[in-house]
Every structure is written in structure tokens, then in C-alpha cells.
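Novice: Give me coordinates for this.
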Amino acid sequence: MAKRMKQEEIDGLMKMMPTLPKSFGDWMMTTPFTGISYMFYKKINKVMYGLCSKCGELEAFKSNKKHNDTGRCNNCNSKVTFKAINKAKTYQDIEFTSIIQKLGDGYVVRYFKVRRFFKTYEDSTENFPEVILDRLKNPTFDYYEGSRVYICFNNRSRSQYHYFEEVWSHKINDNRWVNERTRSSFMNKELIRIENPVLYKRNLKSVLKDSPWKYCGLNFFKGKHMNIDDYLCAYEKYPSLEMLCKLNYKTLMNQVIYRANRWGSVDGLLKMNEKRLGLSAKSFNLARKLDLNISGVEFIHTLEERGRKLDDGHIKWVLKYVNPEVFVQLLKWITPQKAINYISKNTKALTRSGETVYYPNRYNFATTWRDYLNMCEKLKLDLKSDFVLFPKNLEEKHDEYSELIKEKVAEERDQKIKFQYEKWNKILCFKSGQLNIEVAGNHESIIHEGQSQRHCVGNAGYSRDMAEGKILIMFIRKNGAPYYTVEFNQNNLEVKQNRGFKNKDVNKEVEKFMKKWETKVLMNLSKPTELAM
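Specialist: Sure thing, here's the model as predicted:
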């Protein structure tokens, strides 16, 4: 991002601002509000008198509609939202619009806030329906331009984005365009450009014709709302955004634009710069048909890579209820339909005394089942048996097998630690006066050492590293009682740590003892690398 512009440069740039297209004003007052209509009503003696904002016709009818209910106008059949005429002091609609224009050697994106008023605080509707406020049929409008984004290009033809907003300036006693300020709890003024604006499309083809974005596809955009500068910035990173725009693949396109601008990139399995996002033609068409988001497309990628096929119904169910990656892992042991059946059966609403208590979480249930099956595999259970695959009490079996795994790991680790003890203790053990040093003999002794000395050697990482031959845990005893704990690297004969109770540093007694140990034991080990093998 280029450095912030000085105010004099900003003032000069704003004087060059092009005039808006003639059709923009009429467009801004109509198109953004297309499809938003109201039925302003008042009930008198159980009869509802309503005025449709679309056709302007007053009608009387019987209805149980309430404020903010939706329905249709009997006269023009437009979809309307019912509004009690005296429920609020004002009725207004707010929309945001945007337009891109050529500005010197660059481009400017302009953002407007538009308001449509059917009733204001000054308007009286007490005599409705005898007296009908004209504004209900012919709403008034106001708008203001609150944000501008100037896009220029440096000597390397790289785009630079400059953000401006209009504020009151005491220096000139008038509104002035300034560098956009950072929002915080102390400065929460509305920032127009971050809203979801309605895109003015009529000039897109001519404006983008000779620009670096002439192939960006934005002029083919079939939607209504689009942040122009966010789209262009994302397109520069991911040119395949053009394809998504032309195909009207809105869900994925909007997510890519959001992540590219807010996160800086689109992470994961989504291959934005490959043909059809790295999918086969069939899978890509399926993703479009189901209007999948980024996680959905990544799910399709994973299925393709692992040679799995799911029908449309399965894919929709997975994306709605469970983690797609977890579900793919479950397919290692089970068919898609059986997996869905088992998860659905065990996550039905639980009831107590005829009342629904809660719905078990399918997302968590699938993850627990995946972990359970992994443990079954480690324990070498028969995963072709339905009894093993579909336990009646998954949580209980999961906890039971988890303990078995821990015991199995501890047993294997204990054997390896004993091997290290037998290999090194005779070589490294030493005694002088009241103190002696020895190698830890098993997993339990290391855990006990950490608990009694209240330091971190009891953590699983130390016993694991000793079992793998990376380090040795050694104990210094004073008259047979725990005194200090040593982490020793047997490969280079180096003491990495030496800690006492509550991580106390070595005292003079231990320091003197360790020097004797190094002189009489370590100095005699001429070839440590051979011993470590």
C-alpha cells in the first residue's frame, strides 16, 4: 500500500472528480429498492385498511396480519411487508450504491448512502385512511457520498488503493475529503464503503474496456450487490474470479472476495489458479449445481483425491451437519449411507418426561466416532464387525478404549525407558559422599519425580523423549531421597537442565558434585557417539 496522500494532493484530486452519469440519479432512486414494498395499514372495527406502496391503491379487507408480517397486495399481487401506519414515527429504507469512473490516469470507486422516506417525524397519519399522506404513494429521497477509493498504478504497473471519506473540517468551515481514518471505540462514524452496495452496471463495459481489469468479468455480473474495489483487488490475486463471476457462482465468489481482502489469501485446498479450481468437469459442475462454498469445494477435492463418490443428498447432509474432513476419514471403514444412518440415529432429540431436553451435536458425535474407530484400529479390533463399528454406547466405548490406548502406550514407553536405563546406568551412575546420580529406570519413576519435586519433568514429553533415545532423565539423590533432576543429552554428553524442588537452581553442594561426576565419569567417555548408538 502506498503512503497516505497529503491533504493538498487529496484536495487537488477531488477537484478532478468526474460528473456522475445522467442516468445515475434516477437509477439510484429506483433500482436499489426494487422488490421492497409495503402495505401501510390501520385496523378499524376488525377491518384492515391498507395502502400498497407499489401500486398506491387503498383497499379494505379482513386479515389477521400483524406488523412486519409478509403477504401480497390484492390489487397488484406484489410481495409486501405489513406496516402499522402509526406504529413508528418514521418509515424509511436505506440502501448503499457504488459506481466506478475514470479519474486521470487511474480510477475512482464512489460509494453513496441512499434513503427513501414514506413517513417522517413531521408527518401526521392520524386521519388515515380518510386522509392519505402523499409521501406514502410518492416517497422522497436523500443521499450523500461518504467514501471514495482512488486506484492508481505505480511504475511497475501495480495497483495502489487510496481510501478517503468526507468529514467536517474546521479549517475550511466545510466538508472536506480526507484520508480514511481507522475505526475504533473512540471513532465509530459510519464507514460507507464497507457496506454491501448495489452495483451500477451501465458504465462498466466502457470504463473497464482499456483498464488492467478488462477481462475481470465484472461487466457480466448478474447479481445486485458488489463491492467494486474488493472485487478488483481479489481479481488481481485470483484471475479465475472472472470465471466464477461469468458463471454466476455467487456463494463461492463472495467468499473468495472476502477472504482475499480480509485475510490476504484463500487458504486450504481451493486451487483458485487452476482450471476449474483443480476439479474435474463433473465435480466442478456438481459444486456449481449445489452452490457450494469454500469448505464444500474443498470437500469435493478431498473426495476426488481419495477416489470417493457421494451423491448430491449425501454431500448436502455432510456440509450441513458434520465436519467434511472427519466424514471422509470415516469412509475408510464405512459406506456413506451407513455413516449417515448411524450418526442420525444416535443424535435424535432426547426427551425426558415427554419434553425435549436437547439435540445431541452431530458435529461432535462424528468426531468422537472417528477417534473411536482410530483407537479400534490401534488395538487391532475387527473393524469388519458391526458390533465394533457401531457401538451402542459410543461415549463409554470411546473413554474405555482411550484408557486402554494410554495403558498400551505407557507399557511400550516403559520398556524403551528400561532399555535406556540398562544401556546407560552402569556407565553414568556415580556416588560421592551423601549424593549419588543415576538414570531413571522406568516411566513411573519419571512421573513420580515430577510430582515430588513439583517441576515439569513429569510431563509426558520428557518420558517420550527418553524412550526415543533423545535424552536421559537422571536423578540426584541425597541419602536416597529426591534432591535434583538432570536432563542429559547422551549424544554429546551435555547437561541441558539441572533443577531442584520447584525448579530451584543448583546449589554449591550439587555444583561441586557435578564437577566431580564430569571429571571422573564423562571425561573417561572418549567416544560418546559410539556409546549412543
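Novice: Show me what stretch 411-430 is in contact with.
Specialist: 436-444, 446, 463-464, 466-469, 472, 474, 488, 490, 516-517, 520-521, 525, 531 (CB atoms under 8 Å, 6 or more residues apart in numbering). In short, each C-beta sits where N, CA and C put it, glycine included.
Novice: quick one: that stretch to chain centroid distance?
Specialist: Taking CA atoms, centre = their mean, to the nearest Å, one finds the center of stretch 411-430 at 47 Å from the center of the full chain.
Novice: what is the mean pLDDT for it?
Specialist: For stretch 411-430, mean pLDDT is 92.
Novice: so where does residue 413 fall, helix or strand?
Specialist: helix 394-428 (DSSP states H and E).
Novice: residues contacting the residue of the chain positioned farthest from its centre?
Specialist: What lies farthest from the middle of the chain is residue 433; by CA atoms, centre = their mean that is 62.2 Å. Residues counted as contacts of residue 433 (CB under 8 Å, 6+ apart) are residue 513.
Novice: Return a PyMOL selection command for the buried portion of the contacts of stretch 411-430.
Specialist: In PyMOL, a selection of the buried entries from those looks like this (16 or more other CB atoms under 10 Å):
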select buried, resi 436+437+438+439+440+441+442+443+446+463+464+466+467+472+474+488+490+517
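Novice: So which of the contacts of stretch 411-430 sit within helices?
Specialist: Filtering the contacts of stretch 411-430 for membership in helices, criterion DSSP state H, returns 443-444, 446, 463-464, 466-467, 516-517, 520, 531.
Novice: closest to residue 257 among the residues you listed?
Specialist: For those, the closest approach to residue 257 (CB to CB) belongs to residue 464, at 45.2 Å.
Novice: Could you verify my assumption that residue 454 touches residue 504?
Specialist: No. The criterion here is CB atoms under 8 Å, and residue 454 misses it with residue 504 at 9.9 Å.
Novice: looking at this structure, which helix or strand is least sure?
Specialist: When each helix and strand of the chain is scored by mean pLDDT, DSSP states H and E, helix 528-532 comes last, with a mean of 47.
Novice: Go through stretch 482-495 and flag the buried ones.
Specialist: 483-488, 490, 493.
Novice: Look at it and report the distance between its end residues.
Specialist: 18 Å (CA to CA, to the nearest Å).
Novice: what comes into contact with it?
Specialist: Under CB under 8 Å, 6+ apart, the answer for stretch 482-495 is 424, 428, 435, 437, 449, 452-453, 455, 457, 462, 469-477, 496-500, 506, 510, 514, 522, 525, 528-529, 531-532.
Novice: Buried among these? Need that as a selection in PyMOL.
Specialist: Applying 16+ other CB under 10 Å to the contacts of stretch 482-495, the buried members can be selected in PyMOL as follows:
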select buried, resi 424+428+435+437+449+453+455+457+462+471+472+473+474+475+476+497+498+499+500+506+510+514+522
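Novice: Which ones among the contacts of stretch 482-495 map onto strands?
Specialist: 435, 437, 472-477, 496-499 (DSSP state E).
Novice: need the helices for the stretch 151-300 of the chain, in chain order.
Specialist: For the stretch 151-300 of the chain, the helices defined by DSSP state H, counting those that start in this stretch cover 204-208, 228-237, 241-246, 250-262, 281-290, 294-305.
Novice: Can you lay out these as a markdown table showing mean pLDDT and distance to residue 371?
Specialist: Formatted as a markdown table, these follow (pLDDT from 0 to 100; distance: least, CB to CB, whole Å):
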| stretch | mean pLDDT | distance to residue 371 |
| --- | --- | --- |
| helix 204-208 | 94 | 52 |
| helix 228-237 | 93 | 37 |
| helix 241-246 | 94 | 36 |
| helix 250-262 | 92 | 29 |
| helix 281-290 | 91 | 29 |
| helix 294-305 | 89 | 19 |
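Novice: tell me the domain boundaries of this protein?
Specialist: What automatic domain parsing lists as the domains of the chain is 7-198, 201-279, 413-532.
Novice: Okay, residue 258 and residue 135: tell me how far apart.
Specialist: As judged by CB to CB, to the nearest Å, residue 258 and residue 135 stand 38 Å apart.
Novice: swap that for residue 61, sorry
Specialist: Counting by CB to CB, the gap from residue 61 to residue 135 is 23 Å.
Novice: quick one, which of those two is more surrounded?
Specialist: Shown here are residue 61 and residue 135; by other CB atoms under 10 Å, residue 135 has more neighbours (15 against 11).
Novice: Can you report phi and psi for the more buried one?
Specialist: phi -60, psi -20 (degrees, to the nearest 10).
Novice: Then residue 155?
Specialist: Main-chain dihedrals, residue 155, degrees, to the nearest 10: phi -60, psi -20.
Novice: Skipping adjacent residues, who's closest to residue 259 in space?
Specialist: residue 266 (4.9 Å; CB to CB, 6 or more residues apart in numbering).
Novice: typo on my end, it should be residue 35
Specialist: In space, residue 35 is closest to residue 79, 7.3 Å off (CB to CB, 6+ apart).
Novice: wait, what's in contact with the residue lying closest to residue 169 once chain neighbours are set aside?
Specialist: Nearest residue to residue 169, sequence neighbours excluded (CB to CB, 6+ apart): residue 176, at 3.8 Å. Shown in contact with residue 176 (CB under 8 Å, 6+ apart): 11, 166-169.
Novice: which one among the residues you listed gets closest to residue 246?
Specialist: Out of those, the member with the shortest distance to residue 246 (by CB to CB) is residue 166, at 34.9 Å.
Novice: Number of residues surrounding that closest one?
Specialist: Count around residue 166 with other CB under 10 Å applied: 16.
Novice: go on, the one 5 residues further on?
Specialist: Other residues within reach of residue 171, judged by other CB under 10 Å, total 7.
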